[in-house]
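**Q** structure for the following, please:
(one chain, ligands or ions: 1)
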Amino acid sequence: MTKHRVLQVGPAPELVSRHLENNYDVFRLWEQESALEALKAHGLGCVAAVTSAKYGFRNEWLDYLPQLKVLSSFGVGYDSIDAAELQRRGIQLGNTPDVLNDCVADTAMTLLLGAARGLVRADRFVREGQWPRAEFPLMRSITGKKAGILGLGNIGQAIAKRLTGFDCEIRYHNRSEKKGVPYRYVSTLKELAQWSDFLFVMCVGGPATYHLINDEIMTALGPDGLLINVSRGTVVDEEAMIKALREGRLGGAALDVFEREPYVPEALMEMDNVVLMPHLGSATVETRQRMSQRVIDNLDAFFREGSVLSRVV
Ligand SMILES: O=C(O)C(=O)CO
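**A** A predicted model of the protein is given here:
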């Protein structure tokens, strides 16, 4: 039986790459000198493509992929892919939701605990031999505090569940109120920020949420407030955040995502009240294994049954 031709946009985890090599006729786009030229020459036969939230997918490629029927993407976020354009062309898009909820929520808690209690600073303090000579500053308690969540989807709810264990009071803001959740809805983001000690950003990325966290929101969160972002860097106005942190209008920031990854502004690296992670939200062996399997299952299900399992469009 002839194998379906699959366009692989970027390097993938071993499990995915091995499955593709064993079951499909793979065209490895990232190894080509010019993606567009390569697609002009070889795109015609590709019926499927595999990418990730990180590598995304460019609309300009679609003109050279007339037989493309399905795109399977590694990651829950798809702001780097134009889902509406795929839908318009009748191309299915599959992603990897749910299998990473707990892991991303754990990352959010790691950032909260690390930032509020000064873990990174304290580690540096010990390693640099400062302990015998100096007093480490008092940090902030977590238990019983007010936690706001922007975006109470499945991951937001997994964060809320963890915060409950710390006796935190939880409120949230979404585009609309969510039925059947035990947390209070706040109708404006500014009001939520004003109320919160910690504000978790867990909404989707893309144009609809671009710079939702702006100067006004950070000022509302205030000089003792902590901003935690595990969604997309584009949701936070990075320049405004740096200014607010510098001027003491925002207490601190704990960030897994940035506006121009992997570039992180120098100004943030110099700040003691900032904790930085290189987009590791779902980066554990167990979770990446489950995400890899979903990428494979989405693709195989399409060819077996005509529909991906986790369908975006
Ligand atoms: O899956 C995604 O989109 C992520 O960014 C996980 O960190």
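**Q** tell me the strands beside the helix or strand harbouring Val26, with direction?
**A** Per DSSP states H and E, Val26 falls inside strand 25-28. Strand 25-28 pairs in its sheet with strand 5-8 (parallel), by DSSP bridges.
**Q** so which bits of the strand it pairs with are buried?
**A** Arg5, Val6, Leu7, Gln8 (16 or more other C-beta atoms under 10 Å). Heads up, the C-betas are built off the backbone N, CA and C, glycines and all.
**Q** closest one of the residues you listed to the ligand?
**A** Checking the buried residues of strand 5-8 against the ligand with C-beta to the nearest ligand atom, the nearest one is Gln8 at 17.9 Å.
**Q** quick one, what contacts the closest one?
**A** Contact analysis of Gln8 by C-beta atoms under 8 Å, 6 or more residues apart in numbering lists Ser17, Leu20, Val26, Phe27, Arg28, Leu29, Trp30, Ala49, Val50.
**Q** how close does the fourth one sit to the ligand?
**A** Plainly put, Phe27 is 24 Å away from the ligand if you go by C-beta to the nearest ligand atom, to the nearest Å.
**Q** and the third one, by the same measure?
**A** Using C-beta to the nearest ligand atom, Val26 is found at 22 Å from the ligand.
**Q** sec struct for the nearest residue to that residue once chain neighbours are set aside, please.
**A** Leaving aside its sequence neighbours, Val26 sits nearest to Leu20 (C-beta to C-beta, 6 or more residues apart in numbering; 4.9 Å). The local conformation at Leu20, judged by DSSP: H, G, I helix; E, B strand; the rest coil, is helix.
**Q** Leu20 touches Glu14, doesn't it?
**A** No - the criterion here is C-beta atoms under 8 Å, and Leu20 misses it with Glu14 at 10.8 Å.
**Q** the two: who's more crowded?
**A** Shown here are Leu20 and Glu14; by other C-beta atoms under 10 Å, Leu20 has more neighbours (22 against 11).
**Q** tell me the pLDDT of the more buried one.
**A** Per-residue pLDDT puts Leu20 at 98.
**Q** in CSV, list the C-alpha atoms belonging to stretch 173-187.
**A** The C-alpha trace of stretch 173-187 is given here as CSV (Å, rounded to 0.1, in the frame of the first residue of the first chain):
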residue,chain,number,x,y,z
HIS,A,173,-12.7,36.7,34.5
ASN,A,174,-13.7,35.2,31.1
ARG,A,175,-15.5,36.6,28.1
SER,A,176,-18.6,35.3,29.8
GLU,A,177,-19.6,33.7,33.1
LYS,A,178,-19.0,30.0,33.4
LYS,A,179,-21.9,27.9,34.7
GLY,A,180,-21.4,25.3,37.4
VAL,A,181,-18.0,26.4,38.8
PRO,A,182,-17.6,27.3,42.5
TYR,A,183,-15.6,30.5,41.8
ARG,A,184,-17.0,34.0,41.6
TYR,A,185,-17.1,35.6,38.2
VAL,A,186,-15.8,39.2,37.9
SER,A,187,-17.1,41.0,34.9
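**Q** what about that stretch, distance to the chain center?
**A** Centroid separation for stretch 173-187 versus its chain: 21 Å, with C-alpha atoms, centre = their mean, to the nearest Å.
**Q** and what of stretch 235-249?
**A** 20 Å.
**Q** what distance do you get for Arg184 to Tyr172?
**A** As judged by C-beta to C-beta, to the nearest Å, Arg184 and Tyr172 stand 8 Å apart.
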